[in-house]
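Engineer: I would like the atomic coordinates for the input below:
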Amino acid sequence: MTPGAAAAPWLAWLLPALPLAAGAVLAVAAVATAGRTGAGHTGTGAGRRVSAVAPWAAVAVAAVTLVLAAAAAALHPAAMAPLFPGIPAAVRVDGLSAVMVVTVAGVTLAVLVFAAGDLGPDENRGRFFGLMLLFAGAMLVTVTAGTLALLLMGWEVMGGLSYALIGYWWRDPGRPPAAGTAFLVTRAADLGLYVAAGAALAGGVPGLTLAGLGDASRPWLDVVAAGVLAAAFGKSAQLPFSFWLSRAMAGPSPVSALLHSATMVAAGGYLLLRTGPLLAAAGWAGPVAMWTGAVTALALGLVAVAQDDLKQLLAASTCAQIGFIVLAAGAGGVAAGADQLVAHAAVKSLMFLAAGAWLTALGTRRLDALRGAARQYPLAGAAFTAGAVALAGLPPASLWVTKDQVLAAALRAGPALYATGLAAAVVSAVYSVKALWYVWQPVPAGAASGYDTERRGTRRVAAAAAWPLLLLAVPALVLGVLALPAIAGPLGHALGGAAVPAPAWWELTLSAVLAVAAGAATWWRIGATAAAIPPAPAPRRVVAVRAVSGWLFRWLDLERAAGAFMARPVLAVARALAGFDDRVVDGAVRAVARGGLALAGAAARLDDADVDGLIRQAAAGARRLGRLAQRPQTGQLHAYYAQAAVVFAVLTLAFIFLVR
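Structural biologist: Below is the predicted model of the structure:
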């Protein structure tokens, strides 16, 4: 344990406890005051005061949390408390979690500042900001947990809060089903962590420590690895669980920004980076993670190309970019995956917030309706451009370098994996430049604006909502320095993984040339096919590409996949259980009831025919004996003496015969 850990164990507990406690207070106060006039509204009096104070109280708590996170990253505190017999609750901030706590706290602060200016006064802002703080606190528990038991607690709270945040506008009939889909899919995958915990106990892992999972005995080691992979793939929306993330777009834009960048979706990739020794010990788990991440990055990148909705494009790209993190974890590139995670958090939160600002101002998120949005709101446009350039992997932005660092780790695993990852990186340039083209193009003369397709826009971007965009644009552009040779090697050792060599000059050059070429071709092609209103007929090869990406979109991203992977099996199991209940359980209950009635009837007949008959016969015999006993009672004294003489005579004769 480092000196900082011994000196400040309280810091390890305070870091997640502060947002959790503040979020609980805000949420409870908001619900209590809103209940006077109806859930979901601010009400009057106390409700309005809570709603007015909540945004800036939450921002203040997030700012203090960021300070605590920076202190924890410097001091590396650790603490432990009893939880269950033999299983402690351990928290620690080490190399990898130090990076994560600063990332989570920083992105949370930026998102909450944006939400304070974006969320209208008619919303129940106390409930919203309380839930957001609770969500961030649960993520901090997840990333600082040193044992699987404590990690499970943060993991579960985060999943439950995601349901509440995605369905925040629950009066809209489409929101709760979307939240339910996200919750049920991730919840089903989360069962893998319970299986992993049970297998770890059976495999002799002391205290369920994350560092000790790789020491479990076989065959339990393989079960632990399978459970961790299932939970991570589900949380990070990797194949075959990717479809839930598009449904999560039903939530407010700040929720999407936080969920898709530094918290819930990033948690699965973080878990695999944290349990790298487990994946290596299992042998097969590393290649499964590598190929799942690579295939998800490529397939969901093609899904993003097919999108005409900006938020859906960003959602599919989140699955793809997290795929690079999963790939790095499987290849043993902890530093590469951590760099990609941090850079992606800055980029994706930036782009979701910009999309949310345009949705509030213009009332639309359709790409064809967002023409001129960057020109009309240049501050948001400049920030979105910075994020899109980074997401495309264009030099010198951050994701250009971090993705190449991941690809350098993939190249060590084999050329096929490297080629798949490189193809996914090229596809990311296509969908990023596609979004960029639309927002910078002026509205063609004579064309309708297309605004207000989702809701009526305000035609303004609040200053409080605009400045976080510029602050996030800086790390989106410069965080690539983490992958430079002078930093990547020491960082890899500090994060507890094998040092991944920085990408060679030819790798950086190759990816840059391909990204620039793909981006330029995309810009030219969209301009050629979308200049006319209505659009000119596309060439056959373009139609073919759209058909393939559209098929992938339908198969991988929407309700069909949900039905194939989740709803149909669950309904089949439900029908089977219902049949078992009707035929077996209910049949047994009915048989027991019929048997009880039969026994009752037999008992009644026995009681009537035998017991009552015996009683009646005994009564009749008693009456006869009574009558016989009455006969000698004549009232004549000489008759009594004669009877007594006869009785004594009989007794005398009996005595004589018995004595003989």
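
Engineer: now do the helices in the stretch 51-200 of the chain.
Structural biologist: 95-118, 125-144, 148-166, 175-202 (DSSP state H, counting those that start in this stretch).

Engineer: gap between the first one and the chain center?
Structural biologist: Meaning helix 95-118. Mean-position distance between helix 95-118 and its chain equals 18 Å (Cα atoms, centre = their mean, to the nearest Å).

Engineer: picking up where we left off before, please identify the most buried of the helices of the stretch 51-200 of the chain.
Structural biologist: Mean neighbour count (mean count of other Cβ atoms under 10 Å) peaks for helix 125-144 among those, with a mean of 27. Any C-beta I mention is one placed from the backbone N, CA and C, and that applies to glycine too.

Engineer: could you give the average pLDDT over that one?
Structural biologist: On average, the pLDDT along helix 125-144 is 92.

Engineer: pretty sure Val224 sits against Leu213.
Structural biologist: Yes. Between Val224 and Leu213 a contact is recorded at 5.5 Å, counting by Cβ atoms under 8 Å.

Engineer: quick one: which of those two has more around it?
Structural biologist: Neighbour count, other Cβ atoms under 10 Å: between Val224 and Leu213, Val224 has more, with 31 against 28.

Engineer: by how many degrees do the helix or strand harbouring the more buried one and helix 148-166 diverge?
Structural biologist: Assigned by DSSP states H and E, Val224 belongs to helix 220-235. For helix 220-235 against helix 148-166, the angle by axes from the mean of the first three to the mean of the last three Cα atoms, to 10 degrees is 20 degrees.

Engineer: C-terminal to helix 220-235, what's the next element?
Structural biologist: helix 244-247.

Engineer: please name the nearest non-neighbouring residue to Gly167.
Structural biologist: Closest residue to Gly167 apart from its sequence neighbours, by Cβ to Cβ, 6 or more residues apart in numbering: Ala179 at 3.2 Å.

Engineer: and for Pro206, the neighbour number?
Structural biologist: Pro206, neighbours per other Cβ under 10 Å, totals 11.

Engineer: nope, Ala320 is what I was after
Structural biologist: Residues near Ala320, counting by other Cβ under 10 Å: 27.

Engineer: next: the one 3 residues further on.
Structural biologist: Gly323 is flanked by 31 other residues according to other Cβ under 10 Å.

Engineer: what strand or helix carries it?
Structural biologist: helix 310-330.

Engineer: now do the buried residues in that helix.
Structural biologist: For helix 310-330, a neighbour-count test (16 or more other Cβ atoms under 10 Å) marks 310-330 as buried.

Engineer: likewise stretch 376-383?
Structural biologist: Buried residues in stretch 376-383 (16+ other Cβ under 10 Å): Gln376, Tyr377, Leu379, Ala380, Gly381, Ala383.

Engineer: for the residues you listed, which one is nearest Val67?
Structural biologist: Closest approach between the buried residues of stretch 376-383 and Val67, by Cβ to Cβ: Ala383, at 24.6 Å.

Engineer: ok, and the closest non-adjacent residue to the closest one?
Structural biologist: Of all residues not flanking Ala383 in the chain, Leu469 sits nearest, at 3.5 Å (Cβ to Cβ, 6+ apart).

Engineer: secondary structure class for the one you found?
Structural biologist: helix (DSSP: H, G, I helix; E, B strand; the rest coil).

Engineer: who's in contact with it?
Structural biologist: Phe114, Leu350, Leu353, Ala354, Ala357, Leu379, Ala380, Ala383, Phe384 (Cβ atoms under 8 Å, 6 or more residues apart in numbering).

Engineer: tally of neighbours for Glu507?
Structural biologist: Neighbour number of Glu507 under other Cβ under 10 Å is 17.

Engineer: mind showing which ranges of the stretch 351-500 of the chain have poor pLDDT?
Structural biologist: Confidence mapping of the stretch 351-500 of the chain against pLDDT under 70 gives the ranges 444-450, 452, 480-500.

Engineer: one step back: pretty sure the residue nearest to Gly167 sits against Gly159.
Structural biologist: No. Ala179 lies out of contact with Gly159 (Cβ under 8 Å); the separation is 11.2 Å.

Engineer: residue contacts, Leu479?
Structural biologist: Here Leu479 is in contact with Asp339, Val342, Ala343, Ala346, Ser398, Thr402 (Cβ under 8 Å, 6+ apart).

Engineer: run the last query once more with 7 Å
Structural biologist: Neighbouring residues of Leu479 by Cβ atoms under 7 Å, 6 or more residues apart in numbering: Val342, Ala343, Ala346, Ser398.

Engineer: what's the answer for Ala328, then?
Structural biologist: Counted by Cβ under 7 Å, 6+ apart, Ala328 has contacts Ala336, Gly337, Gln340, Val406, Ala409.

Engineer: quick check: the farthest pair among the residues you listed?
Structural biologist: Greatest spatial distance among these (Cβ to Cβ): Gln340 and Ala409, at 10.2 Å.

Engineer: helices and strands around the helix or strand just after the helix holding Gly323, which ones?
Structural biologist: The helix or strand immediately downstream of helix 310-330 is helix 334-362, counting by DSSP H and E. If you count contacts as 3 or more Cβ pairs under 7 Å, 6 or more residues apart in numbering; DSSP states H and E, helix 334-362 packs onto helix 95-118, helix 253-261, helix 264-274, helix 310-330, helix 378-391, helix 398-413, helix 463-478, helix 485-494.

Engineer: mind listing what's buried in the helix or strand that helix 334-362 is followed by?
Structural biologist: Following helix 334-362 in sequence order, the next helix or strand is helix 373-376 (DSSP H and E). For helix 373-376, the neighbour count (16+ other Cβ under 10 Å) marks Ala373, Ala374, Gln376 as buried.
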